[in-house]
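structure, please.
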Amino acid sequence: MTDVVQSDGGVPNGLIVLIGPPASGKSSFTRAWIERGQLDPDGHISCDAIRNELFGDRVDVVDDPAVFDEMDRRVAARLEAALAVVVDATNVMPHARARMIAWARQHGRPVTALRFRVAAETLVQRNSQRLGHARVPLDEVLRSAAAAARHTDRVQLADEGISVVVDVPGEADGLSSAQAAAMIRITA
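Got it, this is the predicted structure:
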């Protein structure tokens, strides 16, 4: 059974899976958490950042196994040390979340999903403002948004082993990433 965010705005210290299409605000939210001292920078495990560390500006699916192996290594190390870890990738499909949930179970850590639900037209507009390899092909943005709508309801996430699901407020609610980050915090 999934819970909503605790009344004090807290989510459990453990695995925090960000779920949302490209340009939904996942990285901006996490940067705001880091700036507020809610998360240390090493706790932000970003698929895009790892790809950039390993391969520079190159974006090629042939690199995915190396990227995800490194992501798994970093997530497992944080969970083993009982430190909060935020997985910053789209995570809109069950198989993408399954690896991380398995790691959390292995280390006895709770799993929280932060869902970033953003209208398709907003995603398209935000993505168009991105530069270089950060801009995602339009069809991929829309495909990811459709997958998120189909595969991230609370019941499905609970069935996968996620115990807390939080819908992160955003522009549609009149809030910036920093304001949303101030409303949600990691508890001990």
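
how about stretch 60-73: buried residues?
Using 16 or more other Cβ atoms under 10 Å as the test for burial, stretch 60-73 gives 67-68, 70-72. To be clear about C-beta, it is placed using only N, CA and C from the backbone, and glycine gets the same treatment.

make CSV out of these and add distance to residue 142.
Converted to CSV, the buried residues of stretch 60-73 look like this (distance: Cβ to Cβ, whole Å):
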residue, distance to residue 142
67, 23
68, 23
70, 28
71, 25
72, 28
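
among these, which lie within helices?
Those of these mapping onto helices are 67-68, 70-72, per DSSP state H.

returning to what we had before: which among the buried residues of stretch 60-73 gets closest to residue 187?
residue 71 (24.5 Å; Cβ to Cβ).

contact partners for the closest one?
45, 47, 50, 87, 89 (Cβ atoms under 8 Å, 6 or more residues apart in numbering).

quick one: low-confidence parts of this structure?
Residue ranges of the chain with pLDDT under 70: 1-9.

how about 90 then?
1-11, 48, 56-61, 63-64, 99, 126-140, 171-172, 177, 185, 187-188 (pLDDT under 90).

please enumerate the helices of this protein.
Assigned by DSSP H, the chain shows helices spanning 26-35, 47-55, 64-80, 94-106, 120-128, 138-151, 154-160, 177-183.

appreciated, that's everything.
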